[in-house]
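Colleague: coordinates only, no sequence provided:
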């Protein structure tokens with residue numbers, strides 16, 4: 001159920017059937033020269049729609065903006081700070097909890113370290129504050145497991161590479177503009193750098209040339225299966 005499209009009467013009735021809600025988190029972020037800036041949001045929005053329908057749970061409207069560190073200097077990236085992300089999540093969950101929802105799945109299509117850290121920081125604070133609340137906060141890519149190896153040919157594939165390109169080819173092929181070249185970032189870890197474009201000019205981590213809509217469909221189905229499992233588990237978690 002798309003919560004934002006329900007009337008208040010419909011919401012009240014639906015609350016009798018479920019108190020579980022999924023919140024998708026995305027970004028406006030550079031994804032090579034071939035994928036749209038809303039790639040993360042597109043993927044996670046369509047995934048959560050499918051899973052909410054399958055499990056009979058609520059879906060909140062996607063949060064479009066996220067914490068983008070490695071791509072912060074790339075054209076088109078528009079990010080927010082970790083403190084802003086944490087504050088938004090805390091406000092949304094608190095208010096939704098006050099309206100009767102108590103099981104929250106915060107799932108991100110973006111896997112940036114600081115972004116995920118802010119999500120978890122918010123959930124840790126909320127679970128101590130709100131009696132009876134259950135919260136999961138994670139990137140969808142964290143929960144896929146070894147099954148991904150049977151789909152992807154590219155080792156160490158990540159951002160705008162084989163997997164994300166395949167997903168967009170499956171979900172919205174018209175938005176894929178050719179293929180960017182294979183690339184991997186060259187950040188001098190563990191050091192922070194100010195000139196991120198020098199270290200990662202193309203914003204690609206992997207090989208988009210190996211992408212296909214067929215791979216995207218298989219990966220999307222795997223993601224839906226894993227997320228559905230977590231939605232079913234959230235009501236049984238002890239906090």
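Modeller: Yep, that arrived. What you are looking at is a predicted structure, and each value in this text was computed from that prediction instead of being measured.
Colleague: the helices in the protein, which residues?
Modeller: Under the criterion DSSP state H, the chain carries helices at the ranges 8-14, 39-55, 82-98, 113-129, 162-171, 196-199, 213-234.
Colleague: what's the third one in contact with?
Modeller: For helix 82-98, contacts defined as Cβ atoms under 8 Å, 6 or more residues apart in numbering pick out 21, 23, 60, 63, 65-67, 104, 106, 114-115, 117-119, 121-123, 125-126, 129-130, 133, 135, 137. No exception for glycine: its C-beta is placed from N, CA and C like everyone else's.
Colleague: buried residues, stretch 141-159. List them.
Modeller: When burial is assessed from 16 or more other Cβ atoms under 10 Å, stretch 141-159 yields the following buried residues: 141, 144, 151, 152, 154, 157, 158, 159.
Colleague: so how far is the first residue of it from its last?
Modeller: Terminal residues of stretch 141-159 lie 11 Å apart, using Cα to Cα, to the nearest Å.
Colleague: give me the contact list for it.
Modeller: Contacts to stretch 141-159, defined as Cβ under 8 Å, 6+ apart, come from residues 31, 70-71, 111, 116, 161-163, 166, 184, 203-207, 210, 215, 218-219, 222-223, 226-227, 230.
Colleague: and those residues, which are buried?
Modeller: The neighbour-count test (16+ other Cβ under 10 Å) marks 31, 70-71, 111, 116, 161-163, 166, 184, 203-207, 210, 215, 218-219, 222-223, 226-227, 230 as buried among the contacts of stretch 141-159.
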